[in-house]
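>>> here is my input, please return the structure:
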Amino acid sequence: MSTTAARSNLNDQVYDTLKRRLVRREVRPGEKVSLAELAAALGVSRSPVHHALTRLVAEGLLTVKSRRGYFVTPLTAAAVVEGYGVRLALELHAAEAAVGRVGTGELRRFRDLHEASAAAVSHEEWDSTNAAFHEHQVELAGNALLSRFYCELSVNLMMQVIRGGNVEDGPSLATEHEAIVTAYEAASLTDACAAIRAHIDTGRTIALDAISAADGVL
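Purely as a prediction, here's the structure:
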């Protein structure tokens, strides 16, 4: 393995480790994250840790404060409402551009991704298959800029933090995926938009209930 490839691999490993800790809520909201302490604990130099922290800031899991360092971004009800509002707008726009215009192969891929999410048994499998399902849903619109904005949206990460590694809501959410796919297959924009709205409502409600149970912040 080349030096560049090895460095990239180490960067990814450190990023995955830190992201997993944040998603599983092993670090409290608002808590400071020390670059030096993490590097020492992981037995690596500061460079891959800095790389990982920078990525996590871009994804919204961490916040960087000038001259103070990195802090775990608190997840609040306001952030959830705003995030889900943007997600709804993007998914509805994607549906308007795609429903009735999607080829058989793309629809087959859409159903395959739904079935993969429905079969997920671990939180890692659910997170990856759920993300792939919704990213493909938006990609069906054939708008690269829309897809990029959607992938950069932090709502899926919000739900990973809220679940904290649990997938008990997976079966009900997968059922809602079925409704979305079926509407696309039937080329029914009305049904697709209704299914998307229902799915967004479910996710937002789960998130808000979890935040309320945690005294307003996760």
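>>> show me the domain layout of the protein.
Split into domains by automatic domain parsing, the chain comes to 3-72, 77-213.
>>> centre of the chain versus the first one, how much separation?
Right, the one you point to is domain 3-72. Relative to its chain's centre, domain 3-72 lies at 18 Å (C-alpha atoms, centre = their mean, to the nearest Å).
>>> just checking, which of the domains of the chain sits deepest inside the structure?
Most buried of the domains of the chain by mean neighbour count (mean count of other C-beta atoms under 10 Å) is domain 77-213; its value is a mean of 17. Glycine gets a C-beta too; all of them are placed from N, C-alpha and C.
>>> how about the one residue sitting closest to the centre of the chain, what does it touch?
When C-alpha atoms, centre = their mean is applied to the chain, the residue found nearest the centroid is residue 156 (2.2 Å). Counting by C-beta atoms under 8 Å, 6 or more residues apart in numbering, residue 156 touches 127, 130-131, 134.
>>> and for residue 17?
With contact taken as C-beta under 8 Å, 6+ apart, residue 17 is in contact with 42, 52.
>>> cool, and residue 176?
Residues counted as contacts of residue 176 (C-beta under 8 Å, 6+ apart) are 195, 198-199, 202.
>>> quickly note the distance from it to residue 91.
In this structure, residue 176 and residue 91 are 12 Å apart, going by C-beta to C-beta, to the nearest Å.
>>> lowest-scoring secondary structure element of this structure by mean pLDDT?
None of the helices or strands of the chain scores lower by mean pLDDT, DSSP states H and E than helix 155-163, at a mean of 79.
>>> shaky segments in the chain?
Applying pLDDT under 70 to the chain flags the ranges 1-7, 164-171.
>>> and for stretch 196-216, what's in contact with it?
By C-beta under 8 Å, 6+ apart, the residues outside stretch 196-216 that reach it are 75-77, 80-81, 84, 87-88, 91-92, 95, 155, 158-159, 162, 169, 172-173, 176-177, 179-180, 217-218.
>>> repeat that with 6 Å
Applying C-beta atoms under 6 Å, 6 or more residues apart in numbering, the contact partners of stretch 196-216 are 77, 80, 84, 88, 91, 162, 169, 176, 218.
>>> of the residues you listed, closest to residue 122?
Comparing the contacts of stretch 196-216 against residue 122 with C-beta to C-beta picks out residue 169 as the nearest, at 14.0 Å.
>>> now do the phi/psi pair for residue 24.
Main-chain torsions, residue 24, degrees, to the nearest 10: phi -80, psi 10.
>>> repeat that for the one 4 residues further on.
Comment: the main-chain dihedrals of residue 28 come out as phi -70, psi 150, following degrees, to the nearest 10.
>>> next one: residue 64
Residue 64 adopts backbone torsions of phi -100, psi 130, taken as degrees, to the nearest 10.
>>> circling back: specify which member of the contacts of stretch 196-216 is nearest to residue 29.
The closest of the contacts of stretch 196-216, once distances to residue 29 are taken by C-beta to C-beta, is residue 218, at 6.1 Å.
>>> distance of that closest one from residue 159?
Taken as C-beta to C-beta, the span from residue 218 to residue 159 is 11 Å.
>>> nice, that's everything, thank you.
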